[in-house]
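Peer 1: Have a look at this prediction, sequence included:
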Amino acid sequence: MTDITDAVRTQGLFKRFGEQVAVGGVDLMVPRGSFAGLVGPNGAGKTTTLSMVTGLLRPDAGLIHIDGADVWRDPVAVKARIGVLPEGLRLFERLSGRELLSYNGQLRGIPKAEVERRAEELLRVMDLTESADKLVVDYSTGMRKKIGLAAALLHNPKVLFLDEPFEGVDPVSANTLVEVLRRYTASGATVVFSSHVMDLVERLCDWVSVMNRGQIVAQGPLEAVRGGRSLNEAFLGLVGAPANGNGEEGLSWLGATSA
Ligand SMILES: Nc1ncnc2c1ncn2[C@@H]1O[C@H](COP(=O)(O)OP(=O)(O)OP(=O)(O)O)[C@@H](O)[C@H]1O
């Protein structure tokens, strides 16, 4: 079970913030070529896990391999192989979309002519050509996700990590993102994305890792994790939906009926 030739493999990953154990011994596993979903309720530890896996946050303990390379021992090799669309996307706001891609490409050491060729293609596929010379600060939420994804794909990474990529994105833009990601995984690359939206994970993913309270509580091919139920039902079973529904009792003051 320690196949570090998987696209992503962590062993005993652990992170504590003060008294709070955010990630309590996670063995995340994502086979190459997967379209993988990392799901879990608020506070389950998804963002903390992805931050450690992508080399943004140092773990207290545990090992992380991406495409066989150790993230914390060999960060340069790993960073060349991964693309990241982080949560709360921070972009260079005073660049235009086109300049942002050009800057990213040059940072990655890609020849200028090749950067331009790839940037124009990405802008076209993301339906951003008309807005390419607008400053990123003036982009809408969906446009920001799309230019962020374009920047993350520019160097043709082997593994792409996306934290809540569809949050705040309209259905048309979401569709564009999905099409680009499908094409990318069809070529053998791997996508790992975190989400709360079970329908979307069920529709897109062939591999699912379910986190709850800093632990992986189920992991494997979508069909195995679902076990004949909808992913949403399986998820509620795994993370323990509150027995009293949490909303049926209390809040008696809420609503139109006066006491
Ligand atoms: N920088 C931090 N300092 C203190 N506690 C933190 C920090 N980052 C995360 N935590 C805590 O760690 C736990 C896991 O948080 P994390 O953001 O990883 O969860 P998540 O699964 O991504 O949640 P969500 O779905 O709400 O984004 C939470 O209890 C959170 O309060």
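Peer 2: Looks like it arrived, so ask away. Numbering: from 1, shown residues only.

Peer 1: Looking only at stretch 187-200, what residues are buried by neighbour count?
Peer 2: For stretch 187-200, the neighbour count (16 or more other CB atoms under 10 Å) marks Ala189, Thr190, Val191, Val192, Phe193, Ser194, Ser195, His196, Val197, Met198, Leu200 as buried. In this view, the C-beta of every residue, glycine as well, is placed from N, C-alpha and C.

Peer 1: So what's the gap between it and the chain middle?
Peer 2: Its chain's average C-alpha position is 7 Å from that of stretch 187-200, according to CA atoms, centre = their mean, to the nearest Å.

Peer 1: And stretch 192-205, by the same measure?
Peer 2: 10 Å.

Peer 1: cool, and stretch 39-52?
Peer 2: Centroid separation for stretch 39-52 versus its chain: 10 Å, with CA atoms, centre = their mean.

Peer 1: Also stretch 93-105?
Peer 2: With CA atoms, centre = their mean, you get 22 Å for stretch 93-105.

Peer 1: same check, this time on stretch 178-198
Peer 2: Worked out by CA atoms, centre = their mean, stretch 178-198 lies 9 Å from the chain centre.

Peer 1: For that stretch, give the mean pLDDT please.
Peer 2: Across stretch 178-198, the average pLDDT comes to 91.

Peer 1: With stretch 206-226 instead?
Peer 2: On average, stretch 206-226 scores 96.

Peer 1: re the thing from before, now the buried residues of stretch 187-200 in CSV, with distance to the ligand and secondary structure?
Peer 2: Shown next, in CSV, are these (distance: CB to the nearest ligand atom, whole Å; DSSP: H, G, I helix; E, B strand; the rest coil):
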residue, distance to the ligand, secondary structure
Ala189, 24, coil
Thr190, 20, strand
Val191, 18, strand
Val192, 13, strand
Phe193, 12, strand
Ser194, 7, strand
Ser195, 9, strand
His196, 6, coil
Val197, 11, coil
Met198, 13, helix
Leu200, 14, helix
